[in-house]
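**Q** Below are the sequence and a predicted model; questions follow.
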Amino acid sequence: MKKYYARIIKTQKNIFVVQFCLDFKKKKDMFKKLIINALHMSTKELIGKIIIQENIDTIDENKIPRTFVINVPDPYKSYYSRFTHINKPNSIIFVTKQLNSFEKILRITKRINKAHDLQLDGAKCEVSIKSRKLNGIRVKGINRYPEIRQIQQFYKDEGCEFARSKKFKDTDSLIRINRFFNLTVIEKGIYKSNTEPNVFYVEVPKFMTWEEFRTYTFEIKNNISDKNYDIAKGIFYLNGTIMEILRIVKPKTTVDFLKMIQQKYIDKLY
């Protein structure tokens, strides 16, 4: 009888040990997964460039007289008509007489923000309209159109010289913007902007010319059911090299959708 109970106790101990090991492994795997997710969800600050194609307008009021100011529309409104009661500029370009370095624009914007308690995002940009190229300072963070003139004056006080005024409406342009990116890595090769809502970036393995990008974009958009997104191409400077990326603007998107768009372009590149 003692041997019988001894076997039962031994069996129960073995079951307990096996269960403990299984529970430990399960918790270990969960912990490992949490660590991996935490590493994936790391934050990165990068320098890079975005190239976008937009129909732009000149601003003819709320600016320093006889200067050249461009309004770049909000891609959300283009796709979703997300108008609010506040008419807020999305992106404004002060066209300058001379080319200003990225460093100079960053330093000036930092001084303006500190002196006037603002949160402007200044970047170097180039606007191509047909064969004409314009140099400018792209500014985000302006709350109302009537504020543009005062913000422009701050840049003028810092030594920026603006080009003479031009007028046009709904004009096709190619805009290259050098800027900082503050990102969260949500999966390998997929990033979410920490400063712009609904903006994501995905890596692609090869360089595309603008014409190739336009062709691929047209073909991809005409072969998927959900066309309600805005896309641009660009680069990140990372670890002494260049990473080719796509910028995707889409409210309430999913990682699966971003992966699908990423794979569509990869398929085109190979």
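**A** That came through fine.
**Q** now the strands for the stretch 1-150 of the chain?
**A** For the stretch 1-150 of the chain, the strands defined by DSSP state E, counting those that start in this stretch occupy 43-58, 69-72, 91-95, 121-129, 132-140.
**Q** Give the pairing partners of the longest one; include direction for each.
**A** Partners of strand 43-58 in the sheet, by DSSP bridges, are strand 69-72 (antiparallel), strand 171-187 (antiparallel), strand 230-238 (antiparallel).
**Q** Out of these, which one sits most buried?
**A** Mean neighbour count (mean count of other Cβ atoms under 10 Å) peaks for strand 69-72 among those, with a mean of 22. In short, each C-beta sits where N, CA and C put it, glycine included.
**Q** Please pull out the lowest mean pLDDT helix or strand from the protein.
**A** Lowest on mean pLDDT, DSSP states H and E among the helices and strands of the chain sits helix 2-40, with a mean of 49.
**Q** what's around the closest residue to Asn90 other than its chain neighbours, how many residues?
**A** Excluding the flanking residues, the one nearest Asn90 by Cβ to Cβ, 6 or more residues apart in numbering is Asp74, at 3.8 Å. The local packing of Asp74 (other Cβ atoms under 10 Å) involves 17 other residues.
**Q** doesn't Asp267 make contact with Val204?
**A** No. Val204 is not in contact with Asp267 according to Cβ atoms under 8 Å; the separation is 10.7 Å.
**Q** separation between Glu45 and Arg247?
**A** For Glu45, the distance to Arg247 equals 16 Å [Cβ to Cβ, to the nearest Å].
**Q** typo on my end, it should be Glu212
**A** 16 Å.
**Q** same check, this time on Val199
**A** The value you get for Val199 to Arg247, if Cβ to Cβ is used, is 7 Å.
**Q** what does Arg149 give?
**A** In this view, Arg149 and Arg247 are 30 Å apart by Cβ to Cβ.
**Q** higher neighbour count, the two?
**A** Arg247 (22 against 16).
**Q** Ramachandran angles for the more buried one?
**A** phi -100, psi 130 (degrees, to the nearest 10).
**Q** What number of residues are in the vicinity of Phe111?
**A** Wrong residue type there; residue 111 is Arg, not Phe. Using other Cβ under 10 Å: Arg111 sits among 13 other residues.
**Q** count of residues packed around the residue lying closest to it once chain neighbours are set aside?
**A** Leaving out its chain neighbours, the residue that sits closest to Arg111 by Cβ to Cβ, 6+ apart is Glu158, at 6.6 Å. If you count neighbours by other Cβ under 10 Å, Glu158 ends up with 15.
**Q** For the stretch 101-250 of the chain, just list every one of the helices.
**A** 102-116, 148-157, 210-221 (DSSP state H, counting those that start in this stretch).
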